[in-house]
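A.B. asks: Output the structure for:
(one chain, ligands or ions: 1)
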Amino acid sequence: MTITTTRTGLVPASVHATITRLDPQHGQHIGGRGLAAGSGATFEVLDKATGDQLATFADGGATEATAAVDAAAAAFPAWAATPPRVRGEALRTAFGLMVERSEELAALIAAENGKSLADARAEVGYAAEFFRWFAEEAVRPEGDFAESPAGGTRTIVTSRPVGVAALVTPWNFPAAMATRKIGPALAAGCTVVLKPAAETPLTALAVARILEEAGVPAGVVNVVTTTDPGAVVGTWLADSRVRKVSFTGSTGIGRLLLGQAADRVVNSSMELGGNAPFVVAADADLDAAVAGAMIAKFRNGGQACTAANRFYVHESVAAEFTEKLGAAIEALTVGSAFEDGTAIGPLISAKAVTNLSALVEDAVARGARISHRAHTSTLEGHFYPPTLLVDVPADAQIIRTEAFGPVAPVVTWNDEAELLRQVNDTEFGLASYIYSGDLKWALQLAEKVEAGMVGVNRGVVSDPAAPFGGVKQSGLGREGAREGVRAFTETQYFSVDWS
Ligand SMILES: O=CCCC(=O)O
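C.D. replies: All right, here's what the predicted structure looks like:
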């Protein structure tokens, strides 16, 4: 697999104009201002398709992390006291601005992440919807008032913002993972410090700017860009003013952060890795299943925690399903985000290509076969061809590991109890997918699947109005829906003498 980067000039000038406006030389967005790192250190953000330099960023450390908490803590009392309607309207305005600037934002995401423009546009729409959803949730605070069973007292239950929240977001959805956390935090009345991934800090800065334009006061949203996440997040977790951590990323890093959070018993939400099974029953509508598989597997080039990672296809329909899925895979155009017709961009890094290649080689060594592949032979960069693997044994690494790339391994099944055993034979439990013509059968299976989210005859589970999250080692807590706001509040009750 070639990983050299030689093509230049694919990123349009308008993207560079946007980047210049964002002032990445300063990078940090603290207390409503762009700031250079005190140490003067910087880092480069590259176009993932060409390797060209996109921007130079201030490389933050403990000093910038503390400055961000200073700003967030100072802004907290006023923001928490701001009427919910006003907080909601700021988020609603930010939603409008994101929609208005969706082309500009999509181009920024495509340049720094590498995903196709179609995926980037879809992400902007998805990301903006979190602001709209939480604008509407901001005005629905939860509470209760009740007589105590013994009489003579009243219990008043209220919820209040947890305080300064530390948000840590990944490179794969640089806009949506930021808005999925910022939206509910601001709706609840929290102020935030955000560390975007070093690979994709530009989008986070663009979102922070939009919130500022939408009327969110300085200090409510603070962004620290860094190549040293340990220094920044470690500082936050050790700071008594930080009361919440919300992380999206790998299970390994999640475990580390939970360990650090344990020292001060910090309220933690973790959205971690997945290993989603995609089950096709004998009676499934195969065209619909193939369409769903293409979304579940190839959205974002397979670099999604919800991505279908292993396909369990009933042996009676396996040949037809793989033929149709293979044809759809071969029809995918792979290339730079900014080239016409691109459906799949490069992977995030050379290491990602090496890891995925090793998983495919392991499967082939154990007897799997590459039955179909999209064309990438003329491309240079971190590209991996969308691939269909058949005859994959259940013990292949690619079945047991989150592959995070455009490879679809197919295992066949004929016994439901054994299917369920294999589906649940993983430490992960984030998304899963079931295609069947019998809804009752699908739902009964779904109830036994150890996953936080099950797509039934759907290849996508992501929805701002639904509680996103996993079981087992895929995480703790839920994002989106009403649960999204609850994650940033704590319950308080008043026991009142009523005699
Ligand atoms: O990769 C993690 C998030 C994916 C999604 O929200 O659909």
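A.B. asks: Near the ligand, which residues of the stretch 151-300 of the chain are found?
C.D. replies: Residues of the stretch 151-300 of the chain lying close to the ligand (Cβ under 6 Å from any ligand atom) are 172-173, 176. C-beta coordinates here come from the backbone N, C-alpha and C atoms, glycine included.
A.B. asks: Buried only: go through the residues you listed for me.
C.D. replies: 172-173, 176 (16 or more other Cβ atoms under 10 Å).
A.B. asks: What is the nearest of these to T378?
C.D. replies: N172 (25.8 Å; Cβ to Cβ).
A.B. asks: and the closest one, what does it touch?
C.D. replies: 113, 300, 303-305, 348 (Cβ atoms under 8 Å, 6 or more residues apart in numbering).
A.B. asks: Now, those residues that are in strands?
C.D. replies: In strands, judged by DSSP state E, none of the contacts of N172 are found.
A.B. asks: quick one: pLDDT of the residue in the stretch 301-450 of the chain positioned nearest to the ligand?
C.D. replies: Closest to the ligand within the stretch 301-450 of the chain is C305: 3.5 Å, counting by Cβ to the nearest ligand atom. pLDDT for C305: 98.
A.B. asks: my guess is it contacts G274, does it?
C.D. replies: Yes - the criterion here is Cβ atoms under 8 Å, and C305 meets it with G274 at 4.5 Å.
A.B. asks: which residues do these two both contact?
C.D. replies: 402, 430-431, 474.
A.B. asks: neighbours of the residue nearest to R400 when sequence neighbours are not counted, just the number please.
C.D. replies: Excluding the flanking residues, the one nearest R400 by Cβ to Cβ, 6 or more residues apart in numbering is T426, at 6.8 Å. By the criterion of other Cβ atoms under 10 Å, T426 has 24 neighbours.
A.B. asks: Wasn't T426 part of a helix?
C.D. replies: No - per DSSP: H, G, I helix; E, B strand; the rest coil, T426 lies outside any helix segment and is coil.
A.B. asks: Next up, the contacts around it.
C.D. replies: T426 neighbours (Cβ under 8 Å, 6+ apart): 275, 400, 472.
A.B. asks: how about the second one, phi and psi?
C.D. replies: So that's R400. phi -100, psi -10 (degrees, to the nearest 10).
A.B. asks: Near it, how many other residues are there?
C.D. replies: R400 has 17 nearby residues by other Cβ under 10 Å.
A.B. asks: next one: the one 10 residues further on
C.D. replies: The local packing of V410 (other Cβ under 10 Å) involves 24 other residues.
A.B. asks: F278 contacts Y433, correct?
C.D. replies: Yes - the criterion here is Cβ under 8 Å, and F278 meets it with Y433 at 4.3 Å.
A.B. asks: Quick check, G189 in contact with P77.
C.D. replies: No - taking Cβ under 8 Å as the definition, G189 is not a contact partner of P77, at 9.9 Å.
A.B. asks: of those two, who's got more company?
C.D. replies: Per other Cβ under 10 Å, whichever of G189 and P77 has more neighbours is G189, with 25 against 11.
A.B. asks: can you give me the helices in the stretch 151-300 of the chain?
C.D. replies: 176-188, 201-213, 229-238, 251-263, 286-298 (DSSP state H, counting those that start in this stretch).
A.B. asks: From the contact counts, what lies against the fourth one?
C.D. replies: So the one you mean is helix 251-263. helix 229-238, strand 242-248, strand 267-271 (3 or more Cβ pairs under 8 Å, 6 or more residues apart in numbering; DSSP states H and E).
A.B. asks: any low-confidence regions in this protein?
C.D. replies: 1-9, 377 (pLDDT under 70).
A.B. asks: cutoff 80 now
C.D. replies: 1-10, 49, 376-380 (pLDDT under 80).
A.B. asks: All set, thanks.
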